[in-house]
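Here is a sequence together with a model predicted from it:
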Amino acid sequence: MHPADTETSGAPGELELVRRFVNSYDHETGSEEFTSPAALADWLVDEGFAERRAKLGPADVERAMELREALREALLTNNDEPLPATTVARLNGALSGVALGVRVNDDCTIDLEPAGAGLDPALARIAGIIREATLTGEWARLKVCPADDCLWAFYDRSRNHSRTWCRMEDCGNRAKVKAFRDRQSQ
């Protein structure tokens, strides 16, 4: 477990699933959760993205990793980092072919539900959660730590949405020390 998860860095509701998806790779330790198609299928069940284990292949692992890393880039923009020119195309590519079905509820409200088979329903669920979070404004609070050796996703619960680091005690202090040393060497 990453040290930032000992804090209150979890996101509200289903947005926490997206945060955990992004954090399925820990840049600091090099720990990868999607080590094989079977590991990805198990992870999707364990994390609540799927009710039963799907039959997945190596291309599904690559696609999940591509979406995860493109989302990491997108979340850095919520921390005032520039959006790489390729991010939107990477997101569209990874989500290509996923579908959300429409379901009318008893009270005539409409829900969008993941559809398809294999990896598609899990990716569709991620897309649906992100869409909802953008509508509620919660998406802007889901950020990625800008430290190159960290890149951990966290939810900014600060009153003015100004939190930058996953943990001030670690990444924040390292950045401040580096900035101080850079100023001193000039």
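Perfect, thanks for sending it.

list the contacts for the most centrally placed residue in the chain?
Central residue of the chain (C-alpha atoms, centre = their mean): Val22, 3.2 Å from the mean position. Taking C-beta atoms under 8 Å, 6 or more residues apart in numbering, we find Val22 in contact with 68, 71-72, 75, 144, 153. Yep, even glycine has a C-beta here, placed from its N, CA and C like the rest.

now with 10 Å?
Contact analysis of Val22 by C-beta atoms under 10 Å, 6 or more residues apart in numbering lists 67-72, 74-75, 126, 142, 144, 151-154.

Repeat that for Gly118.
41, 50, 54-57, 59-60, 63.

one more time with 6 Å, if that's ok
Ala54 (C-beta atoms under 6 Å, 6 or more residues apart in numbering).

and it, how far is that from Leu15?
Going from Gly118 to Leu15 by C-beta to C-beta, to the nearest Å gives 24 Å.

Likewise for His161?
From His161 across to Leu15, the span is 15 Å (C-beta to C-beta).

Dig out what the nearest residue to the residue nearest to the centre of the chain once chain neighbours are set aside forms beta bridges with.
Spatially, and ignoring its direct neighbours in sequence, Val22 is nearest to Ala153 (4.1 Å; C-beta to C-beta, 6 or more residues apart in numbering). Beta bridges link Ala153 to Val144, judged by DSSP bridges.

what's the neighbour count on Ala153?
Neighbour count of Ala153, defined by other C-beta atoms under 10 Å: 26.

Ok, Asn78 next?
Counted by other C-beta under 10 Å, the residues lying close to Asn78 total 16.

List the residues that contact the closest residue in space to it that isn't next to it in sequence.
Leaving aside its sequence neighbours, Asn78 sits nearest to Lys143 (C-beta to C-beta, 6+ apart; 4.6 Å). The contact partners of Lys143, by C-beta under 6 Å, 6+ apart, come to 75, 78-79, 156.

Which parts of the chain are helices?
Assigned by DSSP state H, the helices in the chain fall at 15-22, 37-46, 58-77, 87-95, 120-136, 173-184.

Send over the fourth one as CSV, restricted to the C-alpha atoms.
Only the C-alpha atoms of helix 87-95 are listed here, as CSV (Å, rounded to 0.1, in the frame of the first residue of the first chain):
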residue,chain,number,x,y,z
THR,A,87,-3.7,12.0,-24.1
VAL,A,88,-7.2,12.5,-25.7
ALA,A,89,-6.3,10.2,-28.5
ARG,A,90,-5.0,7.6,-26.0
LEU,A,91,-8.2,7.8,-24.0
ASN,A,92,-10.4,7.5,-27.1
GLY,A,93,-8.4,4.6,-28.3
ALA,A,94,-8.6,2.7,-25.1
LEU,A,95,-12.3,3.3,-24.8
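
the more surrounded of His161 and Leu15?
Neighbours around His161 and Leu15, counted as other C-beta under 10 Å, are more numerous at Leu15. The numbers are 20 against 12.
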